[in-house]
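**Student:** For reference, the sequence and a predicted model appear below.
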Amino acid sequence: MAKTGEMDGIKVVAKNRRARHDYFIEDTWEAGLVLLGTEVKSLRQGKGSITEAYVRLEGGEAWLVGATIQPWSHGNRQNHEPTRRRKLLLHRREIERLIGKIQQQGYTLVPMELYFSQGKAKLEIGLGKGKKHYDKREDTKERDARRDMDRAKRPR
């Protein structure tokens with residue numbers, strides 16, 4: 001029986017729930033992470049957060065900036081820094097494609113989900129365009145209408 005958050009060998013560590021609220025997500029990519037040993041152990045305990053994080057492309061490399069991985073509880077003086085920049089592992093063609101799309105006005109790379117897939121830490125990255133306030137209100141209206149229709153369909 002799978003534990004909560006685990007299915008098909010995937011264990012979700014952290015989700016960025018604000019991403020779909022603040023951005024129109026057009027495409028997603030899966031990237032590996034370069035982590036230290038204590039960071040992996042801490043993530044396995046579920047001590048990671050990507051709500052304040054973003055992805056930056058510099059010098060032909062992708063970096064995760066602002067993600068917080070709490071120090072490992074059994075670590076010593078060799079423990080990692082919680083908010084350090086972490087390199088993302090993407091193919092060269094993927095990075096070049098992302099650079100081309102980021103140069104268009106209004107697009108940004110948003111970390112969507114941090115998880116373990118077959119024992120390796122992965123980050124789902126979304127290409128997003130920022131929503132305006134009226135777009136968010138439209139989404140809220142659609143969600144409320146869908147909820148009302150579902151309520152009406154339910155047997156009493």
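**Tutor:** Nice, thanks for sending it over.
**Student:** which stretches of this structure form helices?
**Tutor:** For the chain, helices defined by DSSP state H occupy the ranges 18-22, 37-44, 92-102, 133-153.
**Student:** nearest to residue 85, of those helices?
**Tutor:** helix 37-44 (12.3 Å; C-beta to C-beta). Every residue, glycine included, has its C-beta placed from N, CA and C.
**Student:** the strands in the chain, which residues?
**Tutor:** Assigned by DSSP state E, the chain shows strands spanning 6-7, 10-15, 23-33, 48-49, 54-58, 61-65, 68-69, 86-89, 107-117, 120-130.
**Student:** is it possible to export these to a markdown table including mean pLDDT and distance to residue 150?
**Tutor:** Below are the strands of the chain laid out as a markdown table (pLDDT from 0 to 100; distance: least, C-beta to C-beta, whole Å):
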| stretch | mean pLDDT | distance to residue 150 |
| --- | --- | --- |
| strand 6-7 | 58 | 24 |
| strand 10-15 | 87 | 23 |
| strand 23-33 | 90 | 24 |
| strand 48-49 | 88 | 32 |
| strand 54-58 | 91 | 34 |
| strand 61-65 | 93 | 37 |
| strand 68-69 | 87 | 36 |
| strand 86-89 | 93 | 38 |
| strand 107-117 | 91 | 26 |
| strand 120-130 | 91 | 27 |
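**Student:** With residue 41 as the reference, name the closest of these.
**Tutor:** Comparison of the strands of the chain against residue 41 by C-beta to C-beta identifies strand 68-69 as nearest, at 10.0 Å.
**Student:** Spit out the contact partners of residue 114.
**Tutor:** Going by C-beta atoms under 8 Å, 6 or more residues apart in numbering, residue 114 touches 12, 13, 14, 15, 43, 48, 50, 67, 121, 122, 123, 124.
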